[in-house]
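[1] dropping a prediction and its sequence here:
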Amino acid sequence: RLFSAILSQEIGFFDQNKTGDLMNRLSADTTKLQDAATTNISMFLRSTVSLILSVILLFLTSWSLTLVALAVVPLVILGATSYGRYIKRLSKRYQDQLAKAADVSQEAISNVRTTRSFAAEGVEFAKYG
């Protein structure tokens, strides 16, 4: 579906987005979807069941202490949300750099004769890393 969406774009889209960038995004997005469909769902279910059972046991042990402990939950949620946003920004920067590296390597390898004829291997190394 994603591949067909990329191929159905207008030609100007391919002028603005480099091949390495598109290939990397396609690969990374497919991997992320696979992870979300398997690992993340099972982890969510396991954590939810564990949380419910833990709260029940806490209430059975000491309901007043449980209420005090649950009072800090909003602070933990706030911290987790801000940390999640930070990780999302970091992940986007990582994907952008990975796409840039894939694009440079794809161009250099596919045009290796031109690169070598101008003795530009050092320039390509600098672009890549």
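    It's in.
[2] for the rest of this, base every contact and every neighbour count on C-alpha atoms.
    Fine.
[3] how about the helix ranked longest in the chain: buried residues?
    Longest helix in the chain, counting residues (DSSP state H): helix 73-110. Across helix 73-110, burial judged by 16 or more other C-alpha atoms under 10 Å covers 95, 98-108.
[4] which helices and strands sit right next to that helix?
    helix 19-35, helix 121-128 (3 or more C-alpha pairs under 8 Å, 6 or more residues apart in numbering; DSSP states H and E).
[5] point out the most buried one among those.
    With neighbours taken as mean count of other C-alpha atoms under 10 Å, the helices and strands packed on helix 73-110 reach their highest mean count in helix 19-35, at a mean of 15.
[6] just to revisit the earlier point, out of the helices and strands packed on helix 73-110, nearest to L53?
    Nearest to L53, of all these, is helix 19-35, at 26.3 Å by C-alpha to C-alpha.
[7] let's see the closest one as PDB, backbone CA atoms only.
    Extracted C-alpha coordinates of helix 19-35, given in PDB (Å, rounded to 0.1, in the frame of the first residue of the first chain):
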ATOM      1  CA  THR A  19      15.700   7.800  -4.000                       C
ATOM      2  CA  GLY A  20      17.700   6.800  -0.900                       C
ATOM      3  CA  ASP A  21      15.300   8.800   1.300                       C
ATOM      4  CA  LEU A  22      12.200   7.100  -0.200                       C
ATOM      5  CA  MET A  23      13.800   3.700   0.000                       C
ATOM      6  CA  ASN A  24      14.800   4.200   3.600                       C
ATOM      7  CA  ARG A  25      11.400   5.500   4.600                       C
ATOM      8  CA  LEU A  26       9.700   2.600   3.000                       C
ATOM      9  CA  SER A  27      11.900   0.100   4.800                       C
ATOM     10  CA  ALA A  28      11.700   1.900   8.200                       C
ATOM     11  CA  ASP A  29       7.900   2.400   8.000                       C
ATOM     12  CA  THR A  30       7.300  -1.300   7.200                       C
ATOM     13  CA  THR A  31       9.500  -2.300  10.100                       C
ATOM     14  CA  LYS A  32       7.700   0.100  12.500                       C
ATOM     15  CA  LEU A  33       4.300  -1.300  11.400                       C
ATOM     16  CA  GLN A  34       5.400  -4.800  12.000                       C
ATOM     17  CA  ASP A  35       6.700  -3.900  15.500                       C
END
